[in-house]
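Chemist: compute the structure for the input listed below.
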Amino acid sequence: MAVGKVWVGIDVGKGFHHACAVDAAGKVVFSRKVANGQAAIEQLIAHTTAKAAEVVWAVDMTSGAASLLITLLLATGQPVVSVPGRLVNRMAGAFAGEGKTDARDARTIAETARMRSDLTPITSPEEVVADLQVLTARREDLMADWVRGVNRIRELFASIFPALERAFDYSTRSALILLTGFQTPDGIRAAEAPGLSAYLAEHGAWAKGIPSIVDKALAAAGEQTVALPGEAVTAPLIARLARQLLDLDREIKDLGKQIADRFAEHPDAGHITSLDGFGPILGAQLLAGTGGDLQTAFRSSAHLAAYAGLAPVPRDSGRVRGNLHRPQRYHRGLRRVFYLAALSAIKRPNSPSRTFYLRKRSEGKRHTQALIALARRLVDVIWALLRDGREFHPSPPVTAATAA
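Modeler: This next block holds a predicted model:
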């Protein structure tokens, strides 16, 4: 029997999804397991549209295993909304029972979509934005591997050669090149300055920095004359990890160039990078995090700021009023984009962003608080920038002459 409007919640899985449909009264119309394949999903869509005059689809994931599902759902022209996993977890407490199954999660997603009208709609991103979402996600994975590798090298070095661990910044290529050949005090002393210099030059270290690297390495070797336990096993591990990090550094740089080239093809690329603090990488991450069209995805700059976790929310109770705190549910990637943009923007002398930051510091705000305030301001600026479709030209710094 046909029904009026139904809400279909889909708990996304790698091999199988679970779909549950509820009507306007919250009654389950159907609940079924669906294979993550085109034929099975199309059959689900046909079965649902045959039963209902109007359908709203709701999913708990928007990437990865959900890609095929969302593509086919969007092709129907019917509304598709996102119910994030954190919200599903919270909403589950509103229903009887403590068990957790795919069927229960799917019904919770459907009920949430039925009861709430403020869920974020899912739209088909532009091809450039879709590519940037893939590329920036890969870069984040590589950067996480990079940070983990550098920290691991420091940990290993601290156990066999603490002086050399303190001597260098191992996020630089030249320091890593040194480690591929020398990891112990005896090895450095045996090579002496000529051997170290020749090795660094041969393997592509920064030429102007080689004398300083050699001096620091010899000074570190002079501080330690004993071999610590585990040195024979740890030294080869450090050398291998240093080579892996050099390869990873090259991959990150190549990927960064690919992101910059693809980002430049977006019509808003020039507008975004004309704003202090935003380069191709942060600009690409901004487009990837917002879906590309800020004006369509967000009602206002305040909506975007709330989505990025830059708008404080009240926590009032009883007589307590005006108790603001950072929200717990927000897009952490976008918050990081605006925070890093603010951090970069204040490095430019006499820029409007630095002036704004210094004013906040003079008002008694800590460094982080002033940066968050600037990040919030950047949301307003970039919103106006993309709305008006013009490049941002910062005002010239005020001097004694112009003030007069």
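
Chemist: so which elements touch the helix or strand where Ile213 lies?
Modeler: Secondary structure from DSSP states H and E places Ile213 in helix 210-223. Applying 3 or more CB pairs under 8 Å, 6 or more residues apart in numbering; DSSP states H and E, one finds that helix 210-223 contacts helix 162-167, helix 173-181, helix 185-202. The way it works is simple: take the backbone N, C-alpha and C, and place the C-beta from them, glycine included.

Chemist: let me know the pLDDT of Leu164.
Modeler: According to the per-residue confidence, Leu164 scores 92 in pLDDT.

Chemist: residues touching it, list them.
Modeler: Contacts were defined as CB atoms under 8 Å, 6 or more residues apart in numbering; by that measure Leu164 touches Phe157, Pro185, Ile188, Ala217, Ala220, Ala221.

Chemist: do you know how far the last one is from Lys51?
Modeler: As judged by CB to CB, to the nearest Å, Ala221 and Lys51 stand 77 Å apart.

Chemist: the two - which one has more neighbours?
Modeler: Neighbours were counted for Ala221 and for Lys51 using other CB atoms under 10 Å; Ala221 has more, 24 against 16.

Chemist: test my guess that that one contacts Ala191.
Modeler: No: counting by CB atoms under 8 Å, Ala221 stays clear of Ala191, with 9.4 Å between them.

Chemist: run through who's touching stretch 374-388.
Modeler: For stretch 374-388, the external contacting residues (CB under 8 Å, 6+ apart) are 268, 271-272, 274-275, 277-278, 286, 294-295, 298, 300-301, 304-305, 308, 310-311, 335, 338-339, 341-342, 345-346, 353, 356-357, 360, 391-392.

Chemist: ok, back up a step: give me the distance between the helix holding Ile213 and the centre of its chain.
Modeler: The chain centroid and the centroid of helix 210-223 are separated by 38 Å under CA atoms, centre = their mean, to the nearest Å.

Chemist: what's in contact with it?
Modeler: Outside of helix 210-223, the residues within contact range by CB under 8 Å, 6+ apart are 161, 163-164, 166-168, 174-175, 178, 182, 185-186, 188-189, 192-193, 196-197, 200-201, 205.

Chemist: filter those residues to the buried ones?
Modeler: Neighbour counting over the contacts of helix 210-223 (16 or more other CB atoms under 10 Å) leaves 161, 163-164, 167-168, 174-175, 178, 182, 185, 188, 196-197, 200, 205 as the buried ones.

Chemist: how about low-confidence regions in the stretch 1-150 of the chain?
Modeler: For the stretch 1-150 of the chain, residues meeting the criterion pLDDT under 70 lie at 1-2.

Chemist: can you map out the helices along it?
Modeler: Under the criterion DSSP state H, counting those that start in this stretch, the stretch 1-150 of the chain contains helices at 38-51, 67-75, 85-92, 102-115, 127-160.

Chemist: most tightly surrounded among those helices?
Modeler: Counting by mean count of other CB atoms under 10 Å, helix 102-115 has the highest mean neighbour count of the helices of the stretch 1-150 of the chain, with a mean of 22.

Chemist: CA atoms of that one as PDB?
Modeler: The C-alpha atoms that make up helix 102-115 are tabulated as PDB, following Å, rounded to 0.1, in the frame of the first residue of the first chain:
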ATOM      1  CA  ASP A 102      22.700  -1.600  12.000                       C
ATOM      2  CA  ALA A 103      18.900  -1.800  11.900                       C
ATOM      3  CA  ARG A 104      18.600   0.300  15.000                       C
ATOM      4  CA  ASP A 105      21.100   2.800  13.800                       C
ATOM      5  CA  ALA A 106      19.300   3.100  10.400                       C
ATOM      6  CA  ARG A 107      16.000   3.700  12.200                       C
ATOM      7  CA  THR A 108      17.600   6.300  14.400                       C
ATOM      8  CA  ILE A 109      18.900   8.100  11.300                       C
ATOM      9  CA  ALA A 110      15.400   8.000   9.700                       C
ATOM     10  CA  GLU A 111      13.700   9.300  12.800                       C
ATOM     11  CA  THR A 112      16.300  12.100  13.200                       C
ATOM     12  CA  ALA A 113      15.700  13.200   9.600                       C
ATOM     13  CA  ARG A 114      11.900  13.100  10.200                       C
ATOM     14  CA  MET A 115      12.000  15.200  13.300                       C
END
